[in-house]
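Chemist: from the sequence below, what's the structure:
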Amino acid sequence: MCTFKDERAVLVCDVAISHVRETVDAVFGNAVHYTMVEGQGTLVEVNPTVDTEQFQALTHTAIAAAQDMPLTLPDQEL
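Modeler: Next up is the predicted model:
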């Protein structure tokens, strides 16, 4: 489960972190910070210079895209 902590931070589940990284890094670059939280996922935080509405929208879209992807086992094909 992914949880928005506040306007500049979201706890992202393992299933969605690669999508979130790709999306927010492309837009915000070095203004994004990642912290692993044992057993909970990755805390994604942005600097105060980042547009929080854009951050939230991009993150939400990336999370939704990741959750819509079918899961496959290593020996299965799509």
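Chemist: what residues are up against the residue nearest in space to the middle of the chain?
Modeler: For the chain, the residue nearest the mean C-alpha position is residue 20 (3.1 Å; C-alpha atoms, centre = their mean). Neighbouring residues of residue 20 by C-beta atoms under 8 Å, 6 or more residues apart in numbering: 10, 12, 44, 59, 62-63, 66. Any C-beta I mention is one placed from the backbone N, CA and C, and that applies to glycine too.
Chemist: give me the pLDDT value at it.
Modeler: You'll see residue 20 listed with a pLDDT of 96.
Chemist: residue 73 now?
Modeler: 48.
Chemist: again, but for residue 69
Modeler: 66.
Chemist: use 777 as the first number for this chain going forward.
Modeler: Okay, using 777 as the starting number, the last item reads as residue 845.
Chemist: other SSEs contacting the biggest helix by length in the chain?
Modeler: Longest helix of the chain, by residue count under DSSP state H: helix 828-844. Applying 3 or more C-beta pairs under 8 Å, 6 or more residues apart in numbering; DSSP states H and E, we find helix 828-844 packed against strand 785-788, helix 793-804, strand 817-822.
Chemist: just checking, next helix/strand downstream of the second one?
Modeler: Next along the chain after helix 793-804, taking DSSP states H and E as the criterion, comes strand 808-813.
Chemist: what are the buried residues along that next one?
Modeler: For strand 808-813, burial by neighbour count (16 or more other C-beta atoms under 10 Å) applies to residue 808.
Chemist: before we move on, what about stretch 827-846?
Modeler: 831, 834-835, 838-839, 842.
Chemist: JSON lines for those, including pLDDT?
Modeler: Formatted as JSON lines, the buried residues of stretch 827-846 follow (pLDDT from 0 to 100):
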{"residue": "831", "pLDDT": "97"}
{"residue": "834", "pLDDT": "96"}
{"residue": "835", "pLDDT": "95"}
{"residue": "838", "pLDDT": "94"}
{"residue": "839", "pLDDT": "93"}
{"residue": "842", "pLDDT": "89"}
